[in-house]
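1. Return atomic coordinates for the entry below.
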Amino acid sequence: MENASKALIIAGSVLVAIILIAIGVRVINSTSGTTESVADTMTASEKATFNSKFTAYAGSGKSGAQVKAIANIVISNNATNPSKKVKFMGSDNATTITNKAATYNSGNYTISVTMDNNTGLVTSITIS
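-> Residues are numbered from 1 along each chain as shown. Modelled structure (predicted):
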């Protein structure tokens, strides 16, 4: 009888230890995601500043020079912000963007800006 009661005490101790370990792992996992998301989150004003570089050119009746100017802004952004690359007519490669922008000379163009619904940041520029 004495051995049975010791066995129950040991089993109870093991069960409590397993529960404590599980709670610790759960807490660590839940806080690590929060830390990463805080580091990746931009404030509303930072997003507005980032987006304003591109949205200033959005609209219709734009000249070839304005198309080339926004292409240069995209190239500059992609070089300095590799984690926030913006595509110009489907490409984020500087040479390809330069070549595509060179085809827009005289005429009126419509510059469209597409934003990511999750991040709220500009992700692509299209010209029509």
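2. how far out from the middle of the chain is the helix or strand of the chain with the lowest mean pLDDT?
-> Sorted by mean pLDDT, DSSP states H and E, the helices and strands of the chain end with helix 2-40, the least confident at a mean of 77. Centroid displacement of helix 2-40 relative to its chain, using C-alpha atoms, centre = their mean, to the nearest Å, is 34 Å.
3. Over to stretch 88-104?
-> With C-alpha atoms, centre = their mean, you get 22 Å for stretch 88-104.
4. Pull out the buried positions in it.
-> By 16 or more other C-beta atoms under 10 Å, the buried positions in stretch 88-104 come out as 88-89, 92, 94, 97, 100-101, 104. All C-beta spots, glycine's among them, are computed from the backbone N, C-alpha and C.
5. again with stretch 115-123
-> For stretch 115-123, by 16+ other C-beta under 10 Å, it's 121-123.
6. Keeping just the C-alphas, turn it into CSV.
-> What follows is stretch 115-123 as a C-alpha-only set of coordinates in CSV (Å, rounded to 0.1, in the frame of the first residue of the first chain):
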residue,chain,number,x,y,z
MET,A,115,-1.6,48.7,-52.6
ASP,A,116,-1.4,45.5,-50.6
ASN,A,117,-4.6,45.1,-48.5
ASN,A,118,-2.7,43.5,-45.6
THR,A,119,0.2,45.9,-45.3
GLY,A,120,-1.3,49.1,-46.8
LEU,A,121,1.9,49.7,-48.8
VAL,A,122,2.2,50.3,-52.5
THR,A,123,3.2,47.1,-54.3
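7. Just give me how far it sits from the chain centre.
-> 8 Å.
8. hang on, the earlier thing: nearest to Ala56 among the buried residues of stretch 115-123?
-> Val122 (11.1 Å; C-beta to C-beta).
9. can I assume the closest one is in contact with Phe88?
-> No. If you go by C-beta atoms under 8 Å, Val122 and Phe88 don't touch, sitting 10.9 Å apart.
10. neighbours around Tyr57, how many?
-> 16 (other C-beta atoms under 10 Å).
11. is it true that Asn108 touches Gly64?
-> No. Using C-beta under 8 Å, Asn108 makes no contact with Gly64, being 9.1 Å away.
12. Fine by me, thanks again.
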